[in-house]
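Undergrad: just coords:
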């Protein structure tokens, strides 16, 4: 097991190029199961979750090669799968593995998928995924930790109502509706940019999809899908993370290869906090920001403030004068980083789903433990501004979603060392 050792109080200065989106790559990789044509994916992030999804696709019968230098994944034609099972050993660390259930069932009429694992940030039940498939006519049983799904005559299409706005359930609904017997209308959808990226990928394969507010219509696909060469969008959570790093401790940080329009909410929040930002067509520059202001934030589905940046923005709040707050409305157990930040000298209290952050307390380096992906990176940010050294254990969480994090920060004058524990 590895750990990171961070020397604090370094002033960052330089450029960080943002990788492709993990959260867009995973559903798009799952979607490749629907095709028997060659697919090339560009701008793929080289992170653990992507490698796990590729291993899963290889296990069930997809033929895949990864060009790490070009950051490309090439999926070669397949007429049939060698397995309809997605095993626990491949889903135990990755919640997104559940996304293969719909495509396997849709194309091959049966599937057996392990109940997934992932970050311990709340229940994140698969009930919504199962509800989506049942509304399309699937027969589903859960036994011995596996979901057994069948649709001997194929999924029927029609209308899907998602009771709670959910990114994963929306992705499952879209992926399950491509080869149905009739057109499918999906109500109460999540509209995150990663979902739009998935839709654009499916369109590049020849699938006809329309989006109107929170309603998505997938027209039944009558013809075989086409070959495609598709680019994954930038990782907006990674971009937001490095913007916050710049606001915490930079002379100047350029966050490059992004679309600022997609992260306008995050930009507006940082500006309201007093962060000095210059926005251009495909990059953002963060300047030294010494007068951070308190703020109250509520996480919510896009275009609201993302739950995946809640832990990071909390660290910036520690530099504000007065008390800030964050109300977490997406996951019920996403404040596990608070205990570790308090060990470093922070003053944060939690009441139900709301955290109260008292600014002005200087952090001191300590040995801390990462509990999930975004908590991991919040501790990295805290280590950058803390006195002395901070040691972060269990950084495998970090590697699931951030590509070359210490290299990118070290290139901007940080001092982060990775060691075996």
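TA: Here it is on my side, so go on. Owing to the predicted nature of the structure, the values given are computational and were not obtained by experimental measurement.

Undergrad: rest of the way, CA atoms for contacts and neighbours
TA: Will do.

Undergrad: Now residue 62: closest residue in space, sequence neighbours ignored.
TA: The spatial neighbour of residue 62 that comes closest, neighbours along the chain excluded (Cα to Cα, 6 or more residues apart in numbering), is residue 78 at 6.4 Å.

Undergrad: what helix or strand is the one you found on?
TA: Counting by DSSP states H and E, there is no helix or strand that carries residue 78.

Undergrad: what does residue 340 give?
TA: Using DSSP H and E, residue 340 sits in helix 336-343.

Undergrad: Next secondary structure element downstream of that helix?
TA: Heading C-terminal from helix 336-343 (DSSP H and E), you reach strand 347-351.

Undergrad: shaky segments in the chain?
TA: Residue ranges of the chain with pLDDT under 70: 117-125.

Undergrad: now the helix holding residue 340: how far from the chain's centre is it?
TA: Distance of helix 336-343 from the chain centroid (Cα atoms, centre = their mean, to the nearest Å) equals 22 Å.

Undergrad: can you check stretch 53-62 too?
TA: Per Cα atoms, centre = their mean, the centroid offset for stretch 53-62 relative to its chain is 20 Å.

Undergrad: What residues sit buried inside it?
TA: Within stretch 53-62, the residues that count as buried by 16 or more other Cα atoms under 10 Å are 53-54, 56-62.

Undergrad: any chance of these in JSON lines, with distance to residue 96 and secondary structure too?
TA: Formatted as JSON lines, those follow (distance: Cα to Cα, whole Å; DSSP: H, G, I helix; E, B strand; the rest coil):
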{"residue": "53", "distance to residue 96": "8", "secondary structure": "helix"}
{"residue": "54", "distance to residue 96": "12", "secondary structure": "helix"}
{"residue": "56", "distance to residue 96": "11", "secondary structure": "helix"}
{"residue": "57", "distance to residue 96": "13", "secondary structure": "helix"}
{"residue": "58", "distance to residue 96": "16", "secondary structure": "helix"}
{"residue": "59", "distance to residue 96": "16", "secondary structure": "helix"}
{"residue": "60", "distance to residue 96": "16", "secondary structure": "helix"}
{"residue": "61", "distance to residue 96": "18", "secondary structure": "coil"}
{"residue": "62", "distance to residue 96": "17", "secondary structure": "coil"}
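
Undergrad: Need the max-distance pair from those residues.
TA: 53 and 61 (12.5 Å; Cα to Cα).

Undergrad: which residue ranges form the helices in this protein?
TA: 22-31, 48-60, 88-91, 101-108, 127-135, 167-176, 193-204, 236-249, 264-272, 310-317, 336-343, 373-385, 396-399, 405-410 (DSSP state H).

Undergrad: what separates the residue of the chain positioned farthest from its centre from residue 281, distance-wise?
TA: If you look at how far each residue of the chain sits from its centre, by Cα atoms, centre = their mean, the farthest one is residue 153, at 34.1 Å. Separation of residue 153 from residue 281 (Cα to Cα, to the nearest Å): 49 Å.

Undergrad: quick revisit: ok, which of the helices of the chain comes nearest residue 159?
TA: Of all the helices of the chain, helix 127-135 comes closest under Cα to Cα, at 7.5 Å.

Undergrad: what residues does that closest one touch?
TA: Contact with helix 127-135 is made by 102, 140, 159-163, 168-169, 172-173, 176, as judged by Cα atoms under 8 Å, 6 or more residues apart in numbering.

Undergrad: Recalculate using a threshold of 6 Å.
TA: Outside helix 127-135, the residues that touch it by Cα atoms under 6 Å, 6 or more residues apart in numbering are 169, 173.

Undergrad: All set, thanks.
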